[in-house]
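Engineer: heads up, no residue letters with this:
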């Protein structure tokens, strides 16, 4: 083997050694990226006050394991979401970094906090603090979806 061929082989090996981890990182989605993409999708749908966009990130039946007196869940999560969002005229969310752990039944348990500014027709609006725990499960398509709301605390936030 000539010196030039050896240098080309060495450069090709170095290029492969540098490119392979980058390519794998782009091809393999981490759990953190999957959770963040799901939460971002839910946030975007809520801020747009678009129930269909929110429900696209939800399991067919979302379990509400917490009492939400202002959310009429007797009709099911989807109907309650549509009713509630129809009354909201403005909604801005700001989520702090979420903490998540693998759930024993599959999927992830996500604990997050943040703030919201909401205006509800005939009630007014203002800033709120949100503390939320949800369960995300894997859908048949391999994406994560909201399966359960385990805890939700909403409190007024003084300016």
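Structural biologist: Alright, I've got the coordinates. Quick caveat, the model's predicted, so the values are computed rather than measured.
Engineer: quick one, strands of the chain?
Structural biologist: Counting by DSSP state E, the segments of the chain that form strands are 58-64, 88-95, 99-102, 108-120, 124-138, 144-156.
Engineer: Partner strands of the fifth one, with direction?
Structural biologist: When pairs are called by DSSP bridges, strand 124-138 turns out to pair with strand 108-120 (antiparallel), strand 144-156 (antiparallel).
Engineer: ok so, going back, do you know which of the strands of the chain lies nearest residue 46?
Structural biologist: strand 88-95 (6.1 Å; C-beta to C-beta). For glycine as for every other residue, the C-beta is placed from the backbone atoms N, C-alpha and C.
Engineer: quick one: buried residues of that closest one?
Structural biologist: 88, 91, 93, 95 (16 or more other C-beta atoms under 10 Å).
Engineer: one step back: any chance of the strands paired with strand 124-138 in a markdown table with distance to residue 31 as columns?
Structural biologist: Listed next are those as a markdown table, based on distance: least, C-beta to C-beta, whole Å:
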| stretch | distance to residue 31 |
| --- | --- |
| strand 108-120 | 7 |
| strand 144-156 | 9 |
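Engineer: Would you single out the least confident of these?
Structural biologist: The stretch with the lowest mean pLDDT among the strands paired with strand 124-138 is strand 144-156, at a mean of 88.
Engineer: Distance-wise, check the spatially most central residue of the chain relative to residue 101.
Structural biologist: Note on the chain: the residue nearest the mean C-alpha position is residue 39, at 1.1 Å, using C-alpha atoms, centre = their mean. Applying C-beta to C-beta, to the nearest Å, the value for residue 39 to residue 101 is 15 Å.
Engineer: shaky segments in this protein?
Structural biologist: Within the chain, the ranges that satisfy pLDDT under 70 run 1, 5-29, 66-75, 158-159.
Engineer: Spatially, what comes nearest to residue 101 if we skip its sequence neighbours?
Structural biologist: residue 109 (5.5 Å; C-beta to C-beta, 6 or more residues apart in numbering).
Engineer: burial of that neighbour, as a residue count?
Structural biologist: For residue 109, the neighbour count with other C-beta atoms under 10 Å is 17.
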